[in-house]
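Q: generate coordinates for the sequence data below:
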Amino acid sequence: MLKAINAWSLRRSEARSAESLLDEVRAHGFDGFEPTIGEQGLITPETCRAACEAVATAARDAGLTLTSLASGLGWRLPLTSDDERVRTRAGQIIRRSLHAAAWLCLLYTSPSPRDLSTS
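A: Numbering: from 1, shown residues only. Here you go, the predicted model:
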């Protein structure tokens, strides 16, 4: 069984480096880590492929598995909003989150059964 912890469980996670977070995760005896994507922090919708791949490499080097990518952005930007601008931005966030998840080489990512790359 893989024991993993979410970044939100770690103090000031949005202001820390990947190495700092991964060191703490390992020190507490976890095998895996669930990073988050948010307005600020390690992974944001604007984070590039190279930065995501660097986080994945750092996790592997620390002997940790990245399990999934958590996000609370949907609370502020729901796909069900009456405002078309909010729905459009929500779709952009989901696409960028899926890209980040792929670049992080996560175990599982499936927020929608349809292919978002065509929208």
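Q: got the phi/psi numbers for the residue of the chain most remote from its centre?
A: Outermost residue of the chain with respect to the C-alpha centroid, by Cα atoms, centre = their mean, is residue 82; its distance is 26.5 Å. Per-residue torsions, residue 82: phi -70, psi -20 (degrees, to the nearest 10).
Q: then residue 10?
A: phi -100, psi 140.
Q: could I have the helix or strand bottoming out on mean pLDDT in the chain exported to PDB, CA atoms only?
A: When the helices and strands of the chain are scored by mean pLDDT, DSSP states H and E, helix 73-76 comes last with a mean of 89. Output in PDB follows, covering the C-alpha atoms of helix 73-76 (Å, rounded to 0.1, in the frame of the first residue of the first chain):
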ATOM      1  CA  LEU A  73      -9.800  26.300  -8.400                       C
ATOM      2  CA  GLY A  74     -13.100  24.800  -9.500                       C
ATOM      3  CA  TRP A  75     -14.800  26.300  -6.500                       C
ATOM      4  CA  ARG A  76     -14.000  29.800  -7.700                       C
END
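Q: show residues contacting it.
A: 37, 38, 39, 45, 90, 93, 97 (Cβ atoms under 8 Å, 6 or more residues apart in numbering). Heads up, the C-betas are built off the backbone N, CA and C, glycines and all.
Q: can you give me the buried ones in that helix?
A: residue 73 (16 or more other Cβ atoms under 10 Å).
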